[in-house]
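Engineer: Pasting a predicted model and its sequence here:
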Amino acid sequence: MTGRLFGTDGVRGLANRDLTVELALQLATAAAQVLNNPDNGRQRPLAVVGNDSRASGDFLEAAIVAGLTSSGVDVLRVGTLPTPGVAYFVATMNADFGVMLSASHNPMPDNGIKFFARGGYKLSDKTEDAIEAKMGKTRERPVGDKVGRVTTDTEAVQKYTDHLVSTIPRRLDGLRVVVDCANGAASEVAPLALKDAGANVIAINNHPSG
């Protein structure tokens, strides 16, 4: 990658060629310095990390988590969710920031790293530039109990589904719905939300194999 790393929606590229483990690690450590909120009332900052179903998401998420925790940030992993799901958890958990591994509509071999500010909002260009400016710079590394810890919310899908169902104005009882999940990030959430809202759901391509 050349020029400005951040595009209109995060950092994207061909995974393992443009978007490498090394780049993901640098982005995570830089973001930890810029997006840290020292007045959050916690012992350490908290970041929410989620992914879509791309195979490259596994190694990129590992790099992001390593970069964050080695920078003293606690990580809450929410697994495979649509991008708005990560923003939702950033807001509801009062997290300092969030990271979503997804390239949206890009071809499967691509991937992307999208950051959310506190409250689940998109970063400003100024904040993205500040993250880029920190990349590769020498920093003091935390040690002992100051390094970050990793937890996984195994109920994240149901929690986000409950939120989605709570937003609809009326039940879907009596409706028969076919949903094509494209084996993507909403493969579990979409059918579950429609079912919990009362619909008779026929889900296809709902196996997020990467």
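Structural biologist: Received it, and whenever you're ready, just let me know what you need. Just so it is clear, the model here is predicted, and its values are computed rather than measured.
Engineer: For the residue positioned nearest the centre of the chain, name its beta-bridge partners.
Structural biologist: Ranked by distance to the mean C-alpha position of the chain (Cα atoms, centre = their mean), the top residue is residue 100 at 2.2 Å. Legend: beta-bridge partners of residue 100 under DSSP bridges are residue 50, residue 114.
Engineer: Wait, it touches residue 51, no?
Structural biologist: Yes. Here residue 100 lies in contact with residue 51, judged by Cβ atoms under 8 Å, at a distance of 7.1 Å. Where C-beta positions appear, they are placed from N, C-alpha and C, glycine not excepted.
Engineer: Over to the nearest residue to residue 209 once chain neighbours are set aside. Which of the three states is it?
Structural biologist: If the residues on either side of it in the chain are set aside, residue 209 comes closest to residue 183, at 6.0 Å by Cβ to Cβ, 6 or more residues apart in numbering. When the structure is split into helix, strand and coil by DSSP: H, G, I helix; E, B strand; the rest coil, residue 183 lands in coil.
Engineer: quick check: domain ranges of this structure?
Structural biologist: According to the domain assignment given by automatic domain parsing, the chain is divided into the following structural domains: 11-153, 158-204.
Engineer: Buried deepest among those, which one?
Structural biologist: With neighbours defined by mean count of other Cβ atoms under 10 Å, none of those is more surrounded on average than domain 11-153, at a mean of 19.
Engineer: For residue 5, what are phi and psi?
Structural biologist: Backbone dihedrals for residue 5, given as degrees, to the nearest 10, come out at phi -70, psi -50.
Engineer: now it, nearest residue through space, not along the chain?
Structural biologist: Closest residue in space to residue 5, ignoring its immediate chain neighbours: residue 11 at 5.0 Å, by Cβ to Cβ, 6+ apart.
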